[in-house]
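J.: Generate a structure from the sequence data that follows.
(one chain, ligands or ions: 2)
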Amino acid sequence: MDETEKEKWIFAGKIGKQAREYGLSLAKTGVKILDIAEGIEKKITASGAKPAFPPNLSINQIAAHYTPKFNDETVLHEGDVLKIDVGASVDGFLSDTAATVIVGRDDTDLLKATREALEDAINIARPKESINKISSAIEKRIRSYGLSPIVNLGGHGIKRYDIHEGDFIPNVDTPSIRRLREEGAVAIEPFATTGGGYVVDGAEVQIMMFSKQRPSRSKLGREILEFVQNEYNGLPFAKRWIIKKFGPFADMELRSLAGIGALYEFNVLKEQDDGLVSQFEHTLLFDKGAATVTTI
Ligand code: MN
Ligand code: MN
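T.: Residues are numbered from 1 along each chain as shown. Ligands and ions are numbered 1, 2, ... in the order given. Presented below is the predicted three-dimensional model:
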């Protein structure tokens, strides 16, 4: 891999780690999650990077894809299981990292199981390694605590300006001959739950992504579409970012842009049995036969 490219992957990882740790430091009882999200975003931009995607702040049975809405009044309560999933973009080279905290309380087995599953996976992961070797290790560790891994969420490859690119890494044993890439970035993200281990789409959407250029009948719609295409370059963005820039009518326009297929919607993902969900994630960079964890 080119040295300049490698430096950007590493720098994106470092900023992602700092953003995650900063988010964790803010996660106290009574704090608004909107303030945490905006604090994380400021931290990332102050470091000379951009968010790779909106900070995901998902609570309790919500597994992923929740970012605060415009004027979100949600505050943290003691005992909330909060997942902080963040990433940085340095010229399109990305990081993706997450940690879970129980607000105002000590870790439980739910968190320990997930953190240890990630450690096990990282100890195995290297270029061209069997994907199922990692999946099996994750499942084994989580089940050893009497908890369930989430079957339909997992790790993934990352490419420049593409946060989910190939190499799906299930969190359960899934026999296959698939192997990890030889060079480039991969995110590993075990999820554990007290429920059955399956996430379903909730109705709410707070995160979107450019899909394709489609003719909008509204001037505002055309302006928004052009803006997101140029500004985010195919990376996910928060609805609240667009409402902040274009005003309250943007909310309706975003919905109709999704309706004509111009934008992709990430529905909030929730555990089917309303089980509590925990997640830990790191980004790894493979080069010259070795793996470096960029977000540790
Ligand atoms: Mn993530
Ligand atoms: Mn990820």
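J.: Residues of this protein that sit close to ligand 1?
T.: For the chain, the residues in contact with ligand 1 (CB under 5 Å from the ion) are 85, 96, 98, 281. (Glycine included, C-beta is placed from N, CA and C.)
J.: near ligand 2 too, which of those?
T.: With CB under 5 Å from the ion as the criterion, the residues of the chain next to ligand 1 include residue 96 near ligand 2.
J.: In terms of residue numbering, what are the domains of the protein?
T.: Under the assignment automatic domain parsing, the domains of the chain span 3-197+275-293, 201-269.
J.: can you put those domains in TSV and add mean neighbour count and mean pLDDT?
T.: As requested, those are exported to TSV (neighbours: other CB atoms under 10 Å; pLDDT from 0 to 100):
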stretch	mean neighbour count	mean pLDDT
domain 3-197+275-293	20	98
domain 201-269	17	97
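J.: do stretch 178-188 and ligand 2 meet?
T.: Yes. Interface with ligand 2: stretch 178-188 contributes residue 187 (CB under 5 Å from the ion).
J.: so where does residue 38 fall, helix or strand?
T.: Per DSSP states H and E: residue 38 is located in helix 33-46.
J.: which element follows that helix toward the C-terminus?
T.: Assigned by DSSP H and E, the successor of helix 33-46 is strand 50-51.
J.: can you tell me how far the spatially closest residue to residue 155 that is not a sequence neighbour sits from residue 112?
T.: Nearest residue to residue 155 in three dimensions, chain neighbours excluded: residue 169, at 3.3 Å (CB to CB, 6 or more residues apart in numbering). Separation of residue 169 from residue 112 (CB to CB, to the nearest Å): 21 Å.
J.: before we move on, the earlier item: mark which of the residues of the chain next to ligand 1 are part of strands, please.
T.: Using DSSP state E, the members of these that fall within strands are 85, 98.
J.: Dump the residues of the chain next to ligand 1 into TSV; add distance to residue 220 as well.
T.: As requested, the residues of the chain next to ligand 1 are exported to TSV (distance: CB to CB, whole Å):
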residue	distance to residue 220
85	30
96	32
98	34
281	36
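J.: just the residues of the chain next to ligand 1 now: which is nearest residue 289?
T.: Nearest to residue 289 out of the residues of the chain next to ligand 1 is residue 96 (CB to CB; 22.7 Å).
J.: returning to what we had before: which residues touch the residue nearest to residue 155?
T.: Residue 169 sits next to 121, 131, 134, 135, 154, 155, 156, 180, 186, 188 when contact means CB atoms under 8 Å, 6 or more residues apart in numbering.
J.: nearest spatial neighbour of whatever residue of the stretch 101-250 of the chain ends up closest to ligand 1, skipping sequence neighbours?
T.: Residue nearest to ligand 1 within the stretch 101-250 of the chain: residue 189 (5.9 Å; CB to the ion). Distances taken as CB to CB, 6+ apart put residue 281 closest to residue 189, at 3.6 Å, once the chain neighbours are dropped.
J.: In the beta-sheet assignment, what are the partners of that neighbour?
T.: Following DSSP bridges, residue 281 is listed with bridge partners residue 98.
J.: Test my guess that it contacts residue 84.
T.: No. Assessed by CB atoms under 8 Å, residue 281 is found out of contact with residue 84, at 10.0 Å.
J.: Tell me the backbone dihedrals of the closest residue to residue 80 other than its chain neighbours, please.
T.: Excluding the flanking residues, the one nearest residue 80 by CB to CB, 6+ apart is residue 103, at 4.4 Å. Dihedral pair for residue 103: phi -60, psi 120, per degrees, to the nearest 10.
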